[in-house]
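Novice: here is a sequence together with a model predicted from it:
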Amino acid sequence: MLEYEFEEVACDEGGGGWSPFGGFGMETVAHQEIIRRRAEEGWQYVGFIPKRQRAGGFLETIDLVFQRQRPET
(Lines give C-alpha, C1' and ligand atoms only; values in the text may rest on other atoms or scores of the structure.)
Protein backbone atom coordinates (compact mmCIF):
# COMPACT_ATOMS: atom_id res chain seq x y z
CA MET A 1 0.00 0.00 0.00
CA LEU A 2 1.21 3.52 -0.78
CA GLU A 3 1.55 6.30 1.75
CA TYR A 4 1.56 10.02 0.95
CA GLU A 5 3.04 13.12 2.55
CA PHE A 6 2.72 16.79 1.67
CA GLU A 7 5.24 19.58 2.15
CA GLU A 8 4.35 23.26 1.80
CA VAL A 9 6.51 25.58 -0.32
CA ALA A 10 6.13 29.38 -0.41
CA CYS A 11 5.98 30.84 -3.92
CA ASP A 12 5.70 34.53 -3.08
CA GLU A 13 9.17 35.31 -1.77
CA GLY A 14 10.26 38.58 -3.33
CA GLY A 15 6.66 39.71 -3.83
CA GLY A 16 6.23 38.62 -7.43
CA GLY A 17 4.24 35.45 -7.14
CA TRP A 18 3.69 32.80 -9.76
CA SER A 19 0.65 32.36 -11.97
CA PRO A 20 -0.38 29.21 -13.85
CA PHE A 21 -1.55 31.62 -16.56
CA GLY A 22 1.94 33.04 -17.16
CA GLY A 23 4.16 33.58 -14.15
CA PHE A 24 6.42 36.56 -13.65
CA GLY A 25 8.82 38.18 -11.23
CA MET A 26 9.83 35.23 -9.06
CA GLU A 27 11.87 32.08 -9.11
CA THR A 28 12.18 29.60 -6.28
CA VAL A 29 14.68 26.81 -5.73
CA ALA A 30 13.29 25.62 -2.38
CA HIS A 31 11.32 22.89 -4.15
CA GLN A 32 14.51 21.40 -5.61
CA GLU A 33 16.11 21.04 -2.19
CA ILE A 34 12.96 19.47 -0.76
CA ILE A 35 12.58 16.97 -3.63
CA ARG A 36 16.23 15.89 -3.34
CA ARG A 37 15.98 15.47 0.45
CA ARG A 38 12.77 13.47 0.17
CA ALA A 39 14.28 11.23 -2.54
CA GLU A 40 17.15 10.37 -0.19
CA GLU A 41 14.50 9.34 2.37
CA GLY A 42 12.83 7.00 -0.14
CA TRP A 43 9.98 9.29 -1.23
CA GLN A 44 9.02 9.88 -4.87
CA TYR A 45 7.76 13.29 -6.00
CA VAL A 46 4.39 12.88 -7.74
CA GLY A 47 3.11 16.43 -8.22
CA PHE A 48 1.93 19.60 -6.53
CA ILE A 49 -1.36 21.11 -5.40
CA PRO A 50 -1.97 24.86 -5.20
CA LYS A 51 -2.63 25.62 -1.53
CA ARG A 52 -3.08 29.39 -1.31
CA GLN A 53 -3.78 31.58 -4.32
CA ARG A 54 -4.41 35.32 -4.78
CA ALA A 55 -7.41 36.72 -6.70
CA GLY A 56 -5.23 37.39 -9.76
CA GLY A 57 -4.31 33.71 -10.04
CA PHE A 58 -0.90 34.07 -8.39
CA LEU A 59 0.11 31.13 -6.24
CA GLU A 60 1.37 32.00 -2.77
CA THR A 61 1.98 28.45 -1.53
CA ILE A 62 1.85 24.95 -2.95
CA ASP A 63 1.96 21.50 -1.42
CA LEU A 64 4.51 19.15 -2.96
CA VAL A 65 3.12 15.60 -2.97
CA PHE A 66 5.35 12.60 -2.22
CA GLN A 67 4.61 8.88 -2.14
CA ARG A 68 6.39 5.70 -1.17
CA GLN A 69 5.55 2.11 -0.53
CA ARG A 70 4.43 1.68 3.06
CA PRO A 71 6.82 -0.67 4.88
CA GLU A 72 5.33 -4.07 5.68
CA THR A 73 4.76 -4.61 9.39
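Specialist: Here it is on my side, so go on.
Novice: was I right to think Ile34 contacts Leu64?
Specialist: Yes - under the criterion of Cβ atoms under 8 Å, Ile34 makes contact with Leu64 at 6.0 Å. Yep, even glycine has a C-beta here, placed from its N, CA and C like the rest.
Novice: more crowded one of the two?
Specialist: Comparing Ile34 with Leu64 by neighbour count (other Cβ atoms under 10 Å), the higher total belongs to Leu64, at 20 against 17.
Novice: and the residue nearest the centre of the chain, how far from Phe6?
Specialist: Centroid-nearest residue in the chain, with Cα atoms, centre = their mean: Leu64, separated by 2.9 Å. Separation of Leu64 from Phe6 (Cβ to Cβ, to the nearest Å) stands at 7 Å.
Novice: name the element Val46 belongs to?
Specialist: Assigned by DSSP states H and E, Val46 belongs to strand 44-53.
Novice: over to Glu33?
Specialist: For Glu33, the element it lies in under DSSP H and E is helix 30-40.
Novice: same question, Asp63
Specialist: Going by DSSP H and E, Asp63 is in strand 59-69.
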